[in-house]
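In: Build me a model from this:
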Amino acid sequence: MTQDAHITTDFAVIGAGIAGTSVACELAAGASGVLLEMESTPGYHTTGRSAAVFAPCYGPQPIRDLTRASEAFFRAPPKGFADVPLFSPRPILMIARKDQRATLDTLTDSVATETVVRRLSGSDLTEVQPLLRDGYASDGMLDELGQDIEVNALHQGYLRQFKARGGKVMTAAGVTALEWDGNAWRIGTSKGEVRAAVIINAAGAWADDIGALAGAEQIGLVPKRRTAIMIANHATIKTAHLPITIDVDEEFYLKPDAGRLLISPADTTPSAPCDAQPEEMDIAIGADRIMTAFDLDIRRIENSWAGLRSFVADGAPVVGYAQGTPGFFWLAGQGGYGIQSAPAMARFAAAAALGRPVPDALAETGFDPDSVSPARLKRAS
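Out: Purely as a prediction, here's the structure:
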């Protein structure tokens, strides 16, 4: 790249979804920063398509630690952060058929020391989830402290605070080239060049592509398509207060949503990074699984969409500096848990990027920084 830099900054964060926006906001408290987004609107891809629920019992151990450490932020965000509460109650019910009972036992044992859950069966189970078909599920695990998350309010709050701290957002600014000049990164974008001491790679499904541009090690990121479907509510049963209900093997979920029902086959189809769209087969599979488990007769699909959730081999996020590539920081592989873990993830990532200790609230959960480090991927290969 030969043109002079248009902007010089301490940090350039690539990707303005929830991961990039939240870490940019945290870094902007004490450093200059630019947030680069290839789309015309921040959060266009996975963040904007999320049906996020705060579920402390959901995900691998590092995610559960980050989620629990995020709760205080959701309940009491900074003054002026959002105009509406970020939480509204939504119990979480994991269900199991008889052949899945052992899986539910394992899950219950693993989360019992981290959150308050109770086991259900028989009439107790159907009382909590009256939509279940008779005889389908033998057992359930209920977390009554689950919450719906106001995703847009969370995302916009971080964007607003980032700008208030002097941060600059560049949309329609896809990254086309990355070059380390010995002191800083020269970042070519469709809107000109940015020079930054550190790149935070929060590019979601495109994170490995950005890594390749920088000459960094690949982390084996696999984007996986997840389909969401909106259907009519049950004709007679009031559902607004009902839990999000998730198959313990994640074969489907059902969630009340603004007078309708949001359902999913919980598909995890590998995909190239793209503007994901729902496939007719996934919609059909989702409808069939839901009608098998619940007393619902789906006659019409009101709406459907898809998003990409990105994973590495062990399912945990990748957060930390790349080995052998100066000033290049990974913030990728959040899977489907990026919203619920965002506040603690952002604070941890900002601290790690600045060479500071793990924040106290996260350390108190027993969180192990090595469990999300890029280095652990190389050791596991």
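In: from here on, contacts and neighbour counts on C-alpha atoms
Out: Noted.
In: would you list every one of the helices in the stretch 1-150 of the chain?
Out: In the stretch 1-150 of the chain, the segments counted as helices under DSSP state H, counting those that start in this stretch are 18-27, 61-75, 101-111, 122-128.
In: For Gln129, which non-adjacent residue is spatially closest?
Out: Leaving out its chain neighbours, the residue that sits closest to Gln129 by CA to CA, 6 or more residues apart in numbering is Leu242, at 6.5 Å.
In: So the one you found is in contact with Thr126, correct?
Out: No - with contact defined as CA atoms under 8 Å, Leu242 and Thr126 do not form a contacting pair (11.0 Å).
In: what ranges do the helices span in the stretch 151-300 of the chain?
Out: 151-164, 207-214, 280-293.
In: Please name whichever of these is nearest to Pro317.
Out: With CA to CA as the criterion, Pro317 lies closest to helix 207-214 of the helices of the stretch 151-300 of the chain, at 12.0 Å.
In: Does anything pack onto that closest one? Which helices or strands?
Out: strand 175-180, strand 192-201 (3 or more CA pairs under 8 Å, 6 or more residues apart in numbering; DSSP states H and E).
In: mind listing what the last one pairs with, with the direction of each?
Out: Looking at strand 192-201 with DSSP bridges, its paired strands and their directions are strand 7-14 (parallel), strand 185-189 (antiparallel), strand 328-332 (parallel).
In: and of these, who's closest to Ala173?
Out: Going by CA to CA, the one of those nearest Ala173 is strand 185-189, 5.4 Å.
In: So which residues make contact with that closest one?
Out: 1, 5, 173-180, 193-199, 327 (CA atoms under 8 Å, 6 or more residues apart in numbering).
In: at 10 Å what do you get?
Out: 1-5, 7-9, 11-12, 36-38, 170, 172-180, 193-199, 214, 326-328 (CA atoms under 10 Å, 6 or more residues apart in numbering).
In: Can you flag the buried ones in these?
Out: 8-9, 11-12, 36-38, 170, 173-175, 177-178, 180, 193-199, 214, 326-328 (16 or more other CA atoms under 10 Å).
In: circling back: could I get the strands paired with strand 192-201 as a markdown table with mean pLDDT and distance to Asp257?
Out: Below are these laid out as a markdown table (pLDDT from 0 to 100; distance: least, CA to CA, whole Å):
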| stretch | mean pLDDT | distance to Asp257 |
| --- | --- | --- |
| strand 7-14 | 96 | 32 |
| strand 185-189 | 97 | 39 |
| strand 328-332 | 98 | 29 |
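In: Including distance to Ile290, could those strands go into TSV?
Out: Output for these, formatted as TSV (distance: least, CA to CA, whole Å):
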stretch	distance to Ile290
strand 7-14	38
strand 185-189	44
strand 328-332	31
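In: how about those strands, which one is nearest Asp368?
Out: Nearest of the strands paired with strand 192-201 (CA to CA): strand 328-332, 16.0 Å.
In: Now do the closest one and helix 18-27, the angle between them.
Out: Per axes from the mean of the first three to the mean of the last three CA atoms, to 10 degrees, the angle that strand 328-332 makes with helix 18-27 is 130 degrees.
In: angle of strand 328-332 against helix 207-214?
Out: Using the same axes, to 10 degrees: strand 328-332 against helix 207-214 is 170 degrees.
In: Packing partners of the very next helix or strand once past strand 328-332?
Out: Sequence order places helix 342-353 as the next helix or strand after strand 328-332, per DSSP states H and E. Judged by 3 or more CA pairs under 10 Å, 6 or more residues apart in numbering; DSSP states H and E, helix 342-353 is in contact with helix 18-27, helix 61-75, helix 151-164, strand 192-201, strand 318-321, strand 328-332, helix 360-363.
In: between these, which gets nearest to Met291?
Out: helix 151-164 (28.2 Å).
In: Would you mark the buried spots in that closest one?
Out: 151-163.
In: any idea how far the closest residue to Phe329 other than its chain neighbours is from Gln100?
Out: In space, Phe329 comes closest to Tyr321 once its chain neighbours are excluded; the distance is 4.1 Å by CA to CA, 6+ apart. Per CA to CA, to the nearest Å, Tyr321 is found 40 Å from Gln100.
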